[in-house]
Structure formats: C-alpha cells, structure tokens
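Asker: build the 3D model from these lines:
(chains A and B)
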2 protein chains.
Amino acid sequence: MKTEEFTKILSDRKLAQLGDAFVNFVYSLALTRSIGEPIGTKVSDRVLADAARMAGIRKLLPKRTTRGDVSNAVEALVVYVWLHNYMTMDEILAILEAQIDSPSDAFTTLSEKIIKKLIDK
Amino acid sequence: MKTEEFTKILSDRKLAQLGDAFVNFVYSLALTRSIGEPIGTKVSDRVLADAARMAGIRKLLPKRTTRGDVSNAVEALVVYVWLHNYMTMDEILAILEAQIDSPSDAFTTLSEKIIKKLIDK
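Answerer: Coordinates of the predicted model:
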C-alpha cells in the first residue's frame, strides 16, 4: 500500500465513525474475556491519540490535527483492517488482551502490527 | 431456559454495558453493509424500548422499570445470545439488514427470534 493510500484511510471520517463503534466494542470484549465477566467501556481519545504518537501514526498527520482527529485516525485504521480481512476479530482481541492493563500500549501494539500488515501489501 | 433465568439476563446491568457497545457496533455494521459505505451510529433507548414492548419483553419487567433499563434489557439479551453462540454475528446482521430502514422493527424481529431460540433450549 502506498503512503498516499494509507493517509487517506487515516483521514476518512466515515470510516472513523464506524471505527469508533468497533473499537469500543472490541476493547469491551477484550476486557470481558480478560476479567471473566461482562463489561462495557469506551476507549478515550487520549488513549488512541497516545497510541497514534507511539506507533508513528501521528507524524503522518498534519501538525494542526486535533486530538479528536488523531484518535479518529486510529479508529479508522483498526476497523479498516478488520473490514478488509487483514486481521480477524480474534487476532485483534488477542493483541488487546495481551496488554489489557494498559490501553495505550495495547492500541500502540495493535497500530504497529496494522502498519506492518498494510505496508507489506 | 426457565423464565427465571431469562429475566435474570434481562436485568444484568454488566451484560447490558457490553450489550450497549455490541448493539451500536452491529447496527452500525448492518447500516454500513446496507448503504455500501462506512457509517457509525448509536441505537437510541427509544428504539430499543419500543422493540422490547413489541417483542413482549417489556411485560416481563417490573412496571416501574425506566426506559433506560428496558433498553438495557434488550442490549443484555442481544449480546447474551452472541456470547453464548446461540446466534452468529452474521445471523444478527442479516436480521438487522432486512429491516434496516426501521430500527425499531429490526430490533423487534431480532428480539422475537432470540426469545424463540432461548425458550427452545
């Protein structure tokens, strides 16, 4: 995948909307599996923006991008790989569960793996 | 499944929390598939409470139950059948997509099918 195509995904607001629902659901499910009882949660913009910075996504976005839009970029990316079958839900869950105590680290690792997958294509 | 066990699911608030994330995600995905481009949405308490009334779930709950808790009952029920493999995500999506223009009707049909599945057990 070309950088241009990749950055287009990052700024796709419609994809980010779906990604928001997806990210909240998969993280809630990872938490549920981890603690062994149902729980629902929301992943904050701060967590996702931190992951974007640590995974090197932030620097691909314009400097003035708001934290909300940096967070949107991660949401768009995560749901993109699932929708396009680069990763299964079980793979995503396994990555999140492995660092369930630190959501920022969990989403950083997930973002790094996604970038590797997309750049290999 | 006994009525007692069924009503326990309906009033499980933790399950409803996870159900909230699940319902928003599957409905967003059903909409996405239906219109052919990504979209994220939230399913309102009103929609879910209407479905609870029409599917006969409302009458299993105490009279003074708030609309929020009636909606929670549907959210708990929907994620319960998925978590416990009574229905796959694809089956749930197909039911929602069939009446995508009327979320209340879509969740009524889904609730009716869930009740049938659980009562058959």
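Asker: so who does A:D45 touch?
Answerer: By CB atoms under 8 Å, 6 or more residues apart in numbering or on different chains, A:D45 lies in contact with A:R67, A:G68, A:V70, A:S71. Every residue, glycine included, has its C-beta placed from N, CA and C.
Asker: and the pLDDT for the closest residue to the first one other than its chain neighbours?
Answerer: Which is A:R67. With sequence-adjacent residues excluded and distances taken as CB to CB, 6 or more residues apart in numbering or on different chains, A:R67 is closest to A:A49, at 4.8 Å. Note on A:A49: pLDDT of 98.
Asker: please apply the same query to A:K2.
Answerer: pLDDT, A:K2: 84.
Asker: that older thread, the contacts of A:D45 in helices, which ones?
Answerer: In this view, the contacts of A:D45 that belong to helices under DSSP state H are A:R67, A:G68, A:V70, A:S71.
Asker: and of the contacts of A:D45, the nearest to A:L61?
Answerer: Distance to A:L61, by CB to CB, is smallest for A:V70 among the contacts of A:D45, at 6.2 Å.
Asker: thought the closest one was touching A:A55?
Answerer: No. Contact criterion CB atoms under 8 Å: A:V70 and A:A55 do not qualify, at 11.1 Å.
Asker: just the buried members of the contacts of A:D45?
Answerer: Among these, those classed as buried by 16 or more other CB atoms under 10 Å in any protein chain shown are A:V70, A:S71.
Asker: quick one: A:M89 from chain B, how far?
Answerer: The gap separating A:M89 from chain B is 8 Å, by CB to the nearest CB, to the nearest Å.
Asker: quick one: contacts for that residue?
Answerer: A:V26, A:W82.
Asker: let's go with 10 Å and repeat that
Answerer: A:M89 makes contacts with A:F22, A:F25, A:V26, A:L29, A:W82, B:M89, as judged by CB atoms under 10 Å, 6 or more residues apart in numbering or on different chains.
Asker: please apply the same query to A:R58.
Answerer: A:L10, A:A49, A:D50, A:A51, A:A52, A:T65, A:R67, A:V70, A:A73, A:V74.
Asker: next one: A:A94
Answerer: A:A30, A:R33, A:M87, A:T88.
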